[in-house]
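Colleague: Here's a sequence, model it:
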Amino acid sequence: MCRWRSLLSAGVIAATACASTAAVAAARAERPPNVVIVITDDLGYGDLGVYGHPVHRTPNLDRLAAEGQRWTDFYSAAAVCTPSRGSLLTGRLPARLGLERPRGSPNVFLSQSTGGLPHDELTLAELLGQRGYATALIGKWHLGPTPEHSPLTHGFDYFFGTPSSNDHDPVGGFSMQRFFEEPDSAHWDVLLYRNRKVIERPARQETLTQRVTIRRPVLMLGAL
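Modeller: Numbering: from 1, shown residues only. I've put the predicted structure just below:
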C-alpha cells in the first residue's frame, strides 16, 4: 500500500511539474522580448570579429550575430553623435528634428548648449513605455545637456551616463594631444549622472567603460 501511495505521489508531483512547465512556457510566449540597442561611435564596418577583423576580439558581439541576424547593409542618418542619435530614437531625419548642423555652430550639443531633442517628438523609449516596458539609457546621451532635456524627459525610466561625450569640458583649455593619450579624469570635467543626480565630477575615466557595460538595462541606447 505504501508503494502505491509513493507512486501516486510521484505521479501527482510529475503532473504538477509538467503543468508548471507549461504555464511558464505560456507566460514566456506572452511576454514581449527584451530590447537592447547598442550604438557606438567611431566603429568601422570591419572592426568586429564577426565582420572579419583579424586582430580585434569581440566574442560577445560575435555570439549575438551567430545566434541572431547579421546585417551587412546599414546607413546612419549622420556621421556625428547628436543627429544620428536623434534619428535613431525618433526615426526621423536630423533636419526634421532641428538637429542638423546650424550654420556657424557646432554640429553636436556641448555642455554649454541650451537646446536638445524637441519634446514634441515621439521617441522609441516612449513607445516602449506605452507597451509596458521599463526603459533605461546607459552611456552617452548627447541630445541635450540641460535637466529639461534629460533622457528622463524623453521616455526613459533610468539614466546612468554622461550628458555628452567623455572628452568634453577640457580642463585648462583644448589640446589635441589629449585625444591620443590614455583617458585621465584630471583632463576632462565631465559630469556623470544617475537619473537626475550628478554622482561624479569629473567622471572617473579609468573605470567608466566597465561601469556602463556591466549594467543590464531593458533598453540600452548609448555608448561612450
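
Colleague: Tell me how many other residues crowd residue 55.
Modeller: 6 (other CB atoms under 10 Å). (Each C-beta comes from the backbone N, C-alpha and C, glycine too.)

Colleague: quick one: it from residue 213, how far?
Modeller: Going from residue 55 to residue 213 by CB to CB, to the nearest Å gives 20 Å.

Colleague: mind listing the helices for the protein?
Modeller: Applying DSSP state H to the chain gives helices spanning 2-30, 59-67, 81-90, 94-97, 124-130, 205-213.

Colleague: Those: lowest mean pLDDT?
Modeller: Of all the helices of the chain, the minimum mean pLDDT falls on helix 2-30 (a mean of 52).

Colleague: and residue 90, what does it touch?
Modeller: Taking CB atoms under 8 Å, 6 or more residues apart in numbering, we find residue 90 in contact with 97, 117, 121-124.

Colleague: got it, and residue 129?
Modeller: Taking CB under 8 Å, 6+ apart, one finds 135, 155, 157 in contact with residue 129.

Colleague: ChimeraX command for the buried members of those residues?
Modeller: Selection of the buried residues among the contacts of residue 129 in ChimeraX, burial being defined by 16 or more other CB atoms under 10 Å:
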select :135,155,157
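
Colleague: just the contacts of residue 129 now: which is nearest residue 108?
Modeller: Comparing those against residue 108 with CB to CB picks out residue 155 as the nearest, at 21.3 Å.

Colleague: how close does that closest one sit to residue 203?
Modeller: 24 Å.

Colleague: Likewise for residue 169?
Modeller: The value you get for residue 169 to residue 203, if CB to CB is used, is 10 Å.

Colleague: higher neighbour count, these two?
Modeller: Counted by other CB under 10 Å, residue 169 and residue 203 do not tie: residue 203 has more neighbours, with 23 against 18.

Colleague: just checking, the more buried one touches residue 191?
Modeller: Yes: counting by CB atoms under 8 Å, residue 203 does reach residue 191; the two are 6.9 Å apart.

Colleague: Can you check which residues contact both of the two?
Modeller: Joint contacts of residue 203 and residue 191 (CB under 8 Å, 6+ apart) are residue 162.

Colleague: which pair in the contacts of residue 90 spans the largest distance?
Modeller: 97 and 124 (13.5 Å).

Colleague: circling back: what residues do residue 169 and residue 203 have in common as contacts?
Modeller: Common neighbours of residue 169 and residue 203 (CB under 8 Å, 6+ apart) are 188, 190-191.

Colleague: So which of those residues belong to strands?
Modeller: With DSSP state E as the criterion, strands contain none of the shared contacts of residue 169 and residue 203.

Colleague: filter those residues to the buried ones?
Modeller: If you count burial by 16+ other CB under 10 Å, the buried members of the shared contacts of residue 169 and residue 203 come out as 188, 190-191.

Colleague: now those residues in TSV, with pLDDT and distance to residue 48?
Modeller: Below are these laid out as TSV (pLDDT from 0 to 100; distance: CB to CB, whole Å):
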residue	pLDDT	distance to residue 48
188	82	27
190	88	27
191	91	30
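
Colleague: tell me which residues form a beta bridge with the residue nearest to residue 152 when sequence neighbours are not counted?
Modeller: Spatially, and ignoring its direct neighbours in sequence, residue 152 is nearest to residue 159 (5.8 Å; CB to CB, 6 or more residues apart in numbering). Beta bridges link residue 159 to residue 137 when assigned by DSSP bridges.
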